[in-house]
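Visitor: sequence and predicted structure, then a few things I'm wondering about:
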Amino acid sequence: MEIIICERKIGANMKITGIPGILVLIISLYGSADGAIIIDHTCADLDQIPATWIEAVQDNIPSHYAHTSHGGQLTYGIQFIETADPFYDYAIANCNLPTIPDAWCIFNGQESGTYIGPELYWQNDNGMNLTRDVLDNNPTILTSMWSWCCQCNSYTEAGVQAYLDSMTVLESEYSDVTFIYFTGNAQTEGSGGYNRWQRNEQIRDYCISNDRILFDFADLDCWWFNPGTSSWEQHTYSYGSDEIPAEHPQFYGSSYGHTTAESCIQKGEALWWMMAVIAGWEGTGIEETETYTGYELQVTSGNPASGNIMLSYSIPEVCTVKVRVYACDGRLVSSPVDGEVASGDHEIILEDLHSGIYHCVIVAGEFRDTVSVVLLN
């Protein structure tokens, strides 16, 4: 059984072999990894996600998200991320699916409302029919997920098994939709926290054994990345002879979905990571290569470049071409080409950029390529 678990800063100390500006080609927007995919605190690293995979999510994966107030931590998180950097654009609408170009579009809630407990998503026939209504009436939706509130503090093993069974039924009915499993939040300690931990372990075990995608909400609650020590810290409490993970004190607060903005952002980064993996990213920051005859993107100004960055690209036929330039933190800084272009060789000069590392992306028909260049001014 293969389990794919993220590692924070994976690739941060890794160098791509070859000269700077090596061509990195995206070969699939819809590839899916084999094995269980566990999205936990080690995935809360937005910087590691290539910009092209964020765009793949925005362009190709309309989503459905049902939740109560605790689940709002994810929507706060992606809101804070977009406010800090508009590149991470999303559009969310209550009880319907927005259609905003170049944004990750999210159907929030069900057609009947936005505060969605178990009974309104999976717990009974009525709840499952509400979920079916959303998917039947919005056939472009490719992912559906529901987030727990505090039910795992008191649910029995049979109660959580009912959740797993219902999700399995929905999966059998909607084979084109990826259903995402969740663990329950880890805010409660004492006996309720112990029960919650057992039920979350039940969910984790199921996802690992059955190759499902799990957004490990509880794990993200319990871990905090301490910038002072550059290391992760987990909070636990003692219950009998066990050490039970629980929400980290750094996240104690109630301003945003019963927690802090920092906790929301951590979950928002992990959410983008998960969606990029669903879109086809392998979670390493390095894509696989493939040859497209007659297509090419290269740096002609030298690498490192001085003053301006000069690019050239070639296409063998008339097609719509987009060239986008991103700073190393994912910000879109230039879109020098966006439209139909004749076949042949073309040049681009990027002016007025500050020193730094830039990722230049070309999309021409099915061809997608990226070159990275260092600019020294």
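Guide: Yep, it's here.

Visitor: nearest spatial neighbour of the residue sitting furthest away from the middle of the chain, chain-adjacent residues omitted?
Guide: Seen from the C-alpha centroid of the chain, the residue lying at the greatest distance (C-alpha atoms, centre = their mean) is residue 240, 37.0 Å away. Once flanking residues are discounted, residue 240 sits nearest to residue 194: 7.8 Å by C-beta to C-beta, 6 or more residues apart in numbering. Yep, even glycine has a C-beta here, placed from its N, CA and C like the rest.

Visitor: quickly find the element holding that neighbour.
Guide: helix 190-209 (DSSP states H and E).

Visitor: residue boundaries of the strands in the stretch 201-350 of the chain?
Guide: Counting by DSSP state E, counting those that start in this stretch, one finds strands in the stretch 201-350 of the chain at the ranges 213-215, 223-226, 231-234, 236-239, 242-245, 296-299, 305-306, 309-315, 319-327, 332-341, 344-350.

Visitor: so can I have CSV of these showing mean pLDDT and distance to residue 65?
Guide: Formatted as CSV, the strands of the stretch 201-350 of the chain follow (pLDDT from 0 to 100; distance: least, C-beta to C-beta, whole Å):
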stretch, mean pLDDT, distance to residue 65
strand 213-215, 96, 10
strand 223-226, 94, 23
strand 231-234, 95, 27
strand 236-239, 97, 29
strand 242-245, 96, 25
strand 296-299, 92, 36
strand 305-306, 90, 42
strand 309-315, 95, 38
strand 319-327, 87, 27
strand 332-341, 91, 25
strand 344-350, 95, 38
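
Visitor: closest one to residue 51 among those?
Guide: Closest to residue 51 of those is strand 319-327 (C-beta to C-beta; 4.6 Å).

Visitor: helices or strands up against that closest one?
Guide: Other elements packing on strand 319-327 under the criterion 3 or more C-beta pairs under 8 Å, 6 or more residues apart in numbering; DSSP states H and E are strand 309-315, strand 332-341, strand 356-364.

Visitor: sheet partners, orientation included, of it?
Guide: In the sheet, strand 319-327 lines up against strand 332-341 (antiparallel), strand 356-364 (antiparallel) (DSSP bridges).

Visitor: tell me the domain ranges of the protein?
Guide: 3-18+30-279, 296-376 (automatic domain parsing).

Visitor: mean pLDDT lowest for which of those?
Guide: Here the lowest mean pLDDT among these goes to domain 296-376, at a mean of 87.

Visitor: give the contact list for the nearest residue to residue 77 once chain neighbours are set aside.
Guide: Once flanking residues are discounted, residue 77 sits nearest to residue 268: 2.3 Å by C-beta to C-beta, 6+ apart. Neighbour list for residue 268: 74, 76-81 [criterion: C-beta atoms under 8 Å, 6 or more residues apart in numbering].

Visitor: about what we covered before: residue 241 is in contact with the residue nearest to residue 240, correct?
Guide: No. If you go by C-beta atoms under 8 Å, residue 194 and residue 241 don't touch, sitting 11.2 Å apart.

Visitor: more neighbours, the two?
Guide: When residue 194 and residue 241 are compared on other C-beta atoms under 10 Å, the one with more neighbours turns out to be residue 194, at 18 against 5.

Visitor: and residue 319, what are its bridge partners?
Guide: Applying DSSP bridges, one finds that residue 319 bridges with residue 341.

Visitor: wait, what's in contact with it?
Guide: 340-341, 364-365.

Visitor: return the member of these nearest to residue 207.
Guide: residue 365 (37.1 Å).

Visitor: quick check: nearest residue in space to the closest one, chain neighbours excluded?
Guide: residue 319 (4.6 Å).

Visitor: and the contacts of residue 319, which of them are buried?
Guide: Among the contacts of residue 319, those buried by neighbour count (16 or more other C-beta atoms under 10 Å) are 341, 364.

Visitor: turn the contacts of residue 319 into a markdown table, columns for distance to residue 141.
Guide: What follows is these, written out as a markdown table (distance: C-beta to C-beta, whole Å):
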| residue | distance to residue 141 |
| --- | --- |
| 340 | 31 |
| 341 | 33 |
| 364 | 29 |
| 365 | 26 |
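
Visitor: now do residue 357 against residue 351, distance only.
Guide: 17 Å (C-beta to C-beta, to the nearest Å).

Visitor: more neighbours: which of the two?
Guide: Set side by side, residue 357 and residue 351 show more neighbours around residue 357, with 14 against 10, by other C-beta under 10 Å.

Visitor: now do the contacts for the residue nearest the centre of the chain.
Guide: Geometric centre of the chain, nearest residue: residue 272, 2.1 Å, by C-alpha atoms, centre = their mean. Counting by C-beta under 8 Å, 6+ apart, residue 272 makes contact with 46, 49, 54, 57, 78, 81, 88.

Visitor: assess the claim that the last one and residue 82 are in contact.
Guide: Meaning residue 88. Yes. Residue 88 lies in contact with residue 82 (C-beta under 8 Å); the separation is 4.9 Å.
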